[in-house]
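Visitor: A predicted structure for the sequence below; I have some questions about it.
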Amino acid sequence: MRYRSFAALVFVAGVAALVAARPTNHGQEPPPRSGTPDATTTAPAAAGQRPPWHHELLGGNAESCASAAARTLDPPALAWQLFLVGTPLGAKPPALPAPGAGGFLLTGRSSAGVDEVARSTAVLSNGGPAHIRPLVAVDQEGGSVQALRGPGFSRIPPATVQGGRPGDDLRAAAQRWGTELARAGVSLDLGPVVDVVPADRAKANAPIGALNRQLGADVPTVVAAAKSITSGLRGAGIGVVYKHFPGLGTVTANTDFRPGVVDPGTGADSPSVDVYRQALPASGASVMISTAVYSRLDRQPAAFSRTVVTRLLRSELAFGGVVISDDLANADQVRDVPAPDRAMRFLSAGGDLVIAADPRIGQAMYQQVAATAAKDPRFAEQVRASAVRVLTLKASLGLVDCRVWAR
């Protein structure tokens, strides 16, 4: 994501007042399929609150619920599940740039507080099928990268401070931060950053070290802090994303603002990859893929590399969860790749969820993915598999109503 400095990060003063939104049916179930017993209909959820669907998962299994949910979606709707589309904080009224998208990324900064953000996210949740709510994601790492501030939000310290706190203390703090996000209607925090930044290279490391976004300078410190943060956020019902695989801790330039960013040293045996080996198992975390080029692994950006995504992350590290791209809409690192092709290259590499901070570019990417899936059965099956992974994540967060299939 696009971070330059603290001064550039606090430029948005608040979220504007919202116009009345159309009535919602967030808490309602889809009509039962033929042969399915009738299910009880619940009242709509209040702004910023999620219905307790996660208590009624099919057999208590999020993957079974997700597979059943995927069968209710036609191919275009399945393709939309693979996109996290940007929508600016402070829009008048809140923007709903892609009603069928699998999720939305809150872009910009707000100091309006929990209640105002909750009203915005309630509008976003109107899009898509009634029984599958969209992910709502935000960058709430702390320090200079804290998108949401104001009444009801804690001031989160930078990651360099977080990494030095005792584990129980950090876990409790993360659960408090996660509870604040949940009250605001956010379901996915794009963090923590788990890049290992060597102490002697921190100032020269533009995307992470220069902004104090690293939890530590060594693997044990980063792993311990990441586990504590994950436990706290998950305890509050918030999804977490480890980033930026296979590591941005030893580059100098920022892929958001510079093309041609290459890391010549990071490989499968590097400390930054070892963090994922140790922290990922049983974490429930998703993984964000960097757009830097790792020349020891491949000659193309990691987000477009089957070697990085499928061979290293999926196979060698045995990761079966959701793989998320870094922003593929605005990053200078990928500007030479035609916009509609970026999502295709990421999904073909083994990714699942495309971040498109610019909704117009997100629409173009989606159209290419949907059109390709319509004529290529093999790619269509890949889209379905990725959609099931995304829906499994949603089900684990209480965003899929599985009660209609519970009997």
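Guide: The structure has been received and is ready for your questions. Every value quoted in this text rests on a predicted model; they were computed, and no experiment measured them.

Visitor: and the residue nearest the centre of the chain, what does it touch?
Guide: Nearest to the mean C-alpha position of the chain, counting by Cα atoms, centre = their mean, stands L190 at 5.1 Å. Shown in contact with L190 (Cβ atoms under 8 Å, 6 or more residues apart in numbering): 1, 105, 137-141, 241, 243, 288, 324. Bear in mind the C-beta positions are built from the backbone N, C-alpha and C, glycine included.

Visitor: could you pull out the strands for this structure?
Guide: Under the criterion DSSP state E, the chain contains strands at 83-88, 103-107, 135-138, 140-142, 145-146, 188-189, 239-245, 262-263, 286-289, 293-294, 323-325, 354-356.

Visitor: mean neighbour count for the ones you listed - can I get that in CSV?
Guide: Putting the strands of the chain into CSV (neighbours: other Cβ atoms under 10 Å) gives the following:
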stretch, mean neighbour count
strand 83-88, 25
strand 103-107, 28
strand 135-138, 24
strand 140-142, 26
strand 145-146, 22
strand 188-189, 26
strand 239-245, 25
strand 262-263, 18
strand 286-289, 24
strand 293-294, 26
strand 323-325, 28
strand 354-356, 27
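
Visitor: could those be laid out in JSON lines, adding distance to L399 and mean pLDDT?
Guide: Shown next, in JSON lines, are these (distance: least, Cβ to Cβ, whole Å; pLDDT from 0 to 100):
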{"stretch": "strand 83-88", "distance to L399": "13", "mean pLDDT": "94"}
{"stretch": "strand 103-107", "distance to L399": "9", "mean pLDDT": "95"}
{"stretch": "strand 135-138", "distance to L399": "7", "mean pLDDT": "97"}
{"stretch": "strand 140-142", "distance to L399": "18", "mean pLDDT": "97"}
{"stretch": "strand 145-146", "distance to L399": "24", "mean pLDDT": "96"}
{"stretch": "strand 188-189", "distance to L399": "10", "mean pLDDT": "98"}
{"stretch": "strand 239-245", "distance to L399": "9", "mean pLDDT": "98"}
{"stretch": "strand 262-263", "distance to L399": "35", "mean pLDDT": "97"}
{"stretch": "strand 286-289", "distance to L399": "14", "mean pLDDT": "98"}
{"stretch": "strand 293-294", "distance to L399": "33", "mean pLDDT": "98"}
{"stretch": "strand 323-325", "distance to L399": "16", "mean pLDDT": "98"}
{"stretch": "strand 354-356", "distance to L399": "18", "mean pLDDT": "97"}
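
Visitor: which one of these lies nearest to I156?
Guide: Smallest distance to I156 across the strands of the chain (Cβ to Cβ): 3.2 Å, for strand 140-142.

Visitor: for A279, which of the strands of the chain is the nearest?
Guide: Closest approach to A279 among these is made by strand 239-245 (6.8 Å; Cβ to Cβ).

Visitor: gap between that closest one and the chain center?
Guide: Distance of strand 239-245 from its chain centroid, counting by Cα atoms, centre = their mean, to the nearest Å, is 8 Å.

Visitor: which helices and strands sit right next to it?
Guide: Counting contacts by 3 or more Cβ pairs under 8 Å, 6 or more residues apart in numbering; DSSP states H and E, strand 239-245 packs against strand 188-189, helix 219-235, helix 271-279, strand 286-289.

Visitor: just the ones you listed: most buried one?
Guide: A comparison of the helices and strands packed on strand 239-245 by mean neighbour count, using mean count of other Cβ atoms under 10 Å, puts strand 188-189 on top with a mean of 26.

Visitor: poorly predicted segments of this protein, please.
Guide: For the chain, the stretches with pLDDT under 70 are 1-60, 92-95, 127, 404-407.

Visitor: give me that answer again for 80
Guide: Regions of the chain meeting the criterion pLDDT under 80 cover residues 1-60, 91-99, 126-128, 403-407.

Visitor: helices of that one, start to end?
Guide: Applying DSSP state H to the chain gives helices spanning 62-70, 75-80, 114-124, 159-162, 167-183, 219-235, 271-279, 306, 339-349, 359-375, 377-396.

Visitor: run through who's touching the second one.
Guide: Counting by Cβ under 8 Å, 6+ apart, the neighbours of helix 75-80 from elsewhere in the structure are 70, 98, 100-102, 128-129, 366, 369-370, 373-374, 380, 383-384, 387.

Visitor: got it, and the fifth one?
Guide: Residues lying outside helix 167-183 but in contact with it, judged by Cβ under 8 Å, 6+ apart, are 48-50, 114, 118, 138, 140, 142, 148, 152-154, 156, 162, 165, 187, 189, 224-225, 227-238.

Visitor: surely R213 and I156 touch.
Guide: No - counting by Cβ atoms under 8 Å, R213 does not reach I156; the two are 11.8 Å apart.

Visitor: shared neighbours of those two, anything?
Guide: The contact lists of R213 and I156 share 141, 143, where a contact means Cβ under 8 Å, 6+ apart.

Visitor: who's more crowded, those two?
Guide: R213 (26 against 22; other Cβ atoms under 10 Å).

Visitor: now do the contacts for V273.
Guide: Each residue near V273 by Cβ under 8 Å, 6+ apart is listed here: 245-247, 266-267, 312, 317.

Visitor: among those residues, which one sits closest to G209?
Guide: Using Cβ to Cβ, G247 comes nearest to G209 of these, at 12.1 Å.

Visitor: and that closest one, how far is that from V197?
Guide: As for G247, its distance to V197 is 9 Å (criterion: Cβ to Cβ, to the nearest Å).

Visitor: hang on, Q300 packs against V293?
Guide: Yes - here Q300 reaches V293: they are 6.5 Å apart, a contact under Cβ under 8 Å.

Visitor: can you list the helices and strands packed on strand 239-245 in CSV and add distance to V400?
Guide: Below are the helices and strands packed on strand 239-245 laid out as CSV (distance: least, Cβ to Cβ, whole Å):
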stretch, distance to V400
strand 188-189, 14
helix 219-235, 17
helix 271-279, 26
strand 286-289, 16
